[in-house]
Structures are given as C-alpha cells and as structure tokens.
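In: When you get a sec, could you give me coordinates for this:
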Amino acid sequence: DRIDVVSPINRATVAGSPVTLDWDHTGTAMDSYDVLLGKNPYYTETVATGLTKTDYATTALEPGALYYWQIIGHRGADLIYSNPWQFVNHNDLVAPSISNLNISSNPLLEGTASTILALTATDASSTIAQVEYRVQDPSGNVVVNAQSSAADGAFDEPEELISSVINTADWKRSTAPYTIFVRAKDSAGNWSSESSVQILVRGQFARWMFDESTWTGAAGQVIDSVSTNHATAYSGLAQSASSTDTPTTHLNFDGLDDYVRTPVAFTTANDLSVSVWYKTDNTGKSRMALVGGNSGGRFEMYIHDGKPGCRVWDTTDRSIYATSSPALGKWHQVICTQHYGTNPETRLYVDGVLKAKTPYASVTAGGYWHAGKPGSSAASYYQGKADLMVMYDMALNDQQAQSIYEKEKTPYMNSTSQSLPVIGDWL
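Out: Next up, the predicted model:
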C-alpha cells in the first residue's frame, strides 16, 4: 500500500485560501482517511477524520505561512502513513512595483559627500515590507549593499516613499556611470524585479593654480595640477607673490598683451563649466576677456564695465551679465556654465550665487582656451589679477556652484582688505 500526493505538490507555492489537498492511494481499498495539517513539522494537528474520499478543502490559512500535511489511511486495524509534505500559502503572488526612481544630483560632482536615492514602492494587495539597493561602480564591482528606510519611518503601507542617503565621498570621476539597482519586497514575500538608475560622476579635468616659482615663457610651465593640460605664459606674463591683500600667488595681467594659452581645445557639444577668481579696479573697459576661446570668442568669461558676464554666441550674441558690479578691488569668483542638448542653457555665478541665465549655449569655434586674451574683436585684454582657473566636464548646478565657492573662498576672504560679499545683487 502507498499514499501519494497529487496536489499541492511537495514544496509548492499555493495561491489563495482555502487550499484543496488531493492524494492518491495504491493498493487494497482504504476504509477512511485522516488529514494532519499544521505549521510545526514536529506536530501536525488532525483536522479531519473518517474521510472516504481522497481530497480535503482546508479552512482559511495564514498568508505567507509554510504548512506541513500528512494523510493516514485506515483499513480495519491497519494504518498506512503517507510521507509528510509541505507547501507555502500565498494569497498574493503579485510582486510590488518601483516608480519615481531618481537621484538628487546627476551628474554628481566628484568629491560630493552624499546623494539621496528616492523612489516609490507600491503593491496592489499587500504592504511593502523591505527595500534594498546595491551600487555598482564603473568597473562593474558592487561597492554597496544596503537596506533602504521608509520615509515615514515604518514599512506598513501598500505604497511607501523611500529615501536613502548614499555615501559618495569616494566616487571617482569617470566616463562610465555608477549604477544603483533597487528592488522591493511585499509582506507576502514577493520580490519586485530590479530597477536601476545610472549616475555620472564628473568634475575637474583641468586646474591651474598659477603657483609655480617662475615662468620663462617656455611651453608647459603653467602646471595643470589634476591632469596634463600644462599651459604656457606669453608676453612676459608672470606671477605676483602673495601679500597682505592678496594671500596667494596669482596672475597680474597688464591689459595690453599678456595671456596664458592652454592646450585644451575650444570645442562645444559637451557640458562645460569654467571657474576663476579675479580682482580688478577697472570699470571703464568693456568685455575684458578673463577666460575664453581664441577663435571668434564664442564662449568667454568677461568683466564688462566692472560687471562679470558670460559671452554666449550661437547665431547671435546672447551674452549675460550681472546686473551690478561686485565690490571693486576685492577678490571674487566667477563661474560660467554651458549645458547642451534639447534644452541648452548658460548660467553665470558670482561668489557662488546665480546672477543670470539664458536658454542658449555657444556654438563651436575651434582654437584653444586662454586666460586674459580676447577671442573676438569686440573683446579686450583683461587688466587685473586672476587666480585658480578650473574647468569642469559638466554644467554645475546652483548647489554645486555654491559648494565650490565655499571650499575655495578662505584664502581670498582672509586678506586684510577683503570683505565678505553680500549674497544677492551689489549696490
């Protein structure tokens, strides 16, 4: 004699409740059957006795629970025991879904301490029980495996807003992205498929600090401290040593003919930001080219009648300027950014604050990037001091521009004649 399972098969996952248990008997006919059922493998309760058929419909079962069952056949005084079987009862076999997956800053500026991963996890029948994520670096290595938390502090709803702070301090600038994979589990134990978001890490691709001991005009003496874009000083341009009112070694342009030529090609189509510190008393000279391309001046950084600005040329002049001059004779930081694509844009930041923007970006003009030299006939040589010129392979946003200013400002704010800038427009 033998009693065999028909359904649910051993270790099956069963949807819905009650569950019909079916079995089959081989051998001499049985008088009756008993059904044993429970969640403890060492003790199953007798839930039915004296059955003359080979099936039994259970009462309501606990969703997600693992059940053990067994059949005992009676023939007179003889007892025939089946093997014990098991199944998992799921009332819900539909996995949750993930939507609104985003990251707080993309592209991410290299050196940023953290970023925020946000998403919505939703389930049609159960509550959300768990959300987890993993981070894969540009080489394909998993660098983080972690659990996310519900924004309200508890997983107890069928829709949960998720917010996770991800440490990005060690993420490095790369042409390939970092990828964050996310999945969610509901209270019935169903896992969603993985969703993902890619993050580009961008940052400085050239940084000239102008702090070398001496220049003779030989090629490559102006050192790029983050790459190999070493520049050259022309027309006798030399550094000025630090002093009480200018605490760093810096450039001192005569406004006549001296300049720095970098080997960075002036091409467009990729997002770009240029940052530099300057100090001038000149308010009467128009379009002084603090930084720019030497062929047509399609994208330049100006000091125009004392006001910082960004030269923008696509099919016509769309340059933008601060509405007023910052404090004269003080150090100030200027950043010009250009974003390309479907929604192009150029932005001007002065001392970390957005001063102007326009929905245009410059077209390419060839040539190379320069400091101090005009790229168009409408511009002029820069007259004044300059320091710390940096180029980024991204269009910095408001928060990033402010962060860079805060990190760089200390030596320029500590000089004896320097006062902190007022946030906003200057009187």
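
In: centre of the chain versus stretch 372-389, how much separation?
Out: Its chain's C-alpha centre and that of stretch 372-389 lie 35 Å apart, by Cα atoms, centre = their mean, to the nearest Å.

In: actually stretch 358-376, sorry about that
Out: Computed by Cα atoms, centre = their mean, the chain-centroid distance of stretch 358-376 equals 29 Å.

In: cool, stretch 46-56 as well?
Out: The answer for stretch 46-56 is 60 Å, by Cα atoms, centre = their mean.

In: Quick one: residues in contact with it.
Out: Here stretch 46-56 makes contact (Cβ atoms under 8 Å, 6 or more residues apart in numbering) with 6, 20-25, 31-37, 58-59. In this view, the C-beta of every residue, glycine as well, is placed from N, C-alpha and C.

In: Flag every buried residue along it.
Out: Within stretch 46-56, the residues scored as buried using 16 or more other Cβ atoms under 10 Å are 48, 51, 54, 56.

In: So which of the residues you listed are in strands?
Out: 48, 51, 56 (DSSP state E).

In: mind showing which ranges of the stretch 101-250 of the chain have poor pLDDT?
Out: 243-247 (pLDDT under 70).

In: what's the straight distance from one end of stretch 376-390 to the other?
Out: Stretch 376-390 has an end-to-end distance of 22 Å (Cα to Cα, to the nearest Å).

In: what about that stretch, average pLDDT?
Out: Stretch 376-390 comes out with an average pLDDT of 93.

In: Off-centre distance for it?
Out: Centroid separation for stretch 376-390 versus its chain: 34 Å, with Cα atoms, centre = their mean.

In: buried sites along it?
Out: Result for stretch 376-390 [16+ other Cβ under 10 Å]: buried residues 376, 379-390.

In: Now the element after the helix or strand containing residue 115, going C-ward?
Out: Residue 115 belongs to strand 114-122 when assigned by DSSP states H and E. Note on strand 114-122: by DSSP H and E, the next helix or strand toward the C-terminus is strand 128-136.

In: Skipping its backbone neighbours, what lies nearest the residue of the chain positioned farthest from its centre in space?
Out: Distance to the chain centre peaks in the chain at residue 76, reaching 73.6 Å (criterion: Cα atoms, centre = their mean). Excluding the flanking residues, the one nearest residue 76 by Cβ to Cβ, 6 or more residues apart in numbering is residue 31, at 6.9 Å.

In: Turn the ones in strands among the buried residues of stretch 46-56 into JSON lines, including distance to residue 110 and pLDDT.
Out: Below are these laid out as JSON lines (distance: Cβ to Cβ, whole Å; pLDDT from 0 to 100):
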{"residue": "48", "distance to residue 110": "68", "pLDDT": "96"}
{"residue": "51", "distance to residue 110": "71", "pLDDT": "96"}
{"residue": "56", "distance to residue 110": "65", "pLDDT": "96"}
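
In: With respect to residue 14, which of those is nearest?
Out: Minimum distance to residue 14 across those is 13.9 Å, recorded for residue 56 (Cβ to Cβ).

In: Roughly how far does that closest one sit from residue 109?
Out: 65 Å (Cβ to Cβ, to the nearest Å).

In: Same question for the lengthiest helix in the chain: list its buried residues.
Out: In the chain, taking DSSP state H as the definition, the longest helix is helix 398-408. Within helix 398-408, the residues that count as buried by 16+ other Cβ under 10 Å are 400-405, 408.

In: and which of those is nearest to residue 301?
Out: The closest of the buried residues of helix 398-408 to residue 301 turns out to be residue 401 (Cβ to Cβ; 13.8 Å).

In: In contact with that closest one, which residues?
Out: So residue 401 contacts 335, 337, 347, 349, 352, 354 (Cβ under 8 Å, 6+ apart).

In: Going along the chain, name the helices of the chain.
Out: Counting by DSSP H, the chain has helices at residues 398-408, 410-413.

In: Restricting to C-alpha, output the shortest one in CSV.
Out: Coordinates of the C-alpha atoms in helix 410-413 are reproduced here as CSV (Å, rounded to 0.1, in the frame of the first residue of the first chain):
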residue,chain,number,x,y,z
THR,A,410,39.1,81.1,2.5
PRO,A,411,42.4,82.5,1.2
TYR,A,412,40.6,85.2,-0.7
MET,A,413,38.4,86.2,2.2
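
In: Can you mark which positions in it are buried?
Out: Buried residues in helix 410-413, counted by 16+ other Cβ under 10 Å: 411-412.

In: Show me what that helix is packed up against.
Out: If you count contacts as 3 or more Cβ pairs under 8 Å, 6 or more residues apart in numbering; DSSP states H and E, helix 410-413 packs onto no helix or strand.

In: And the closest residue to residue 202 other than its chain neighbours, what's its pLDDT?
Out: In this structure, residue 202 finds its nearest non-sequential neighbour in residue 394, 3.6 Å apart by Cβ to Cβ, 6+ apart. At residue 394, the model reports a pLDDT of 96.

In: mind listing what residue 394 touches?
Out: Counting by Cβ under 8 Å, 6+ apart, residue 394 touches 107, 109, 200, 202-203, 271-273.
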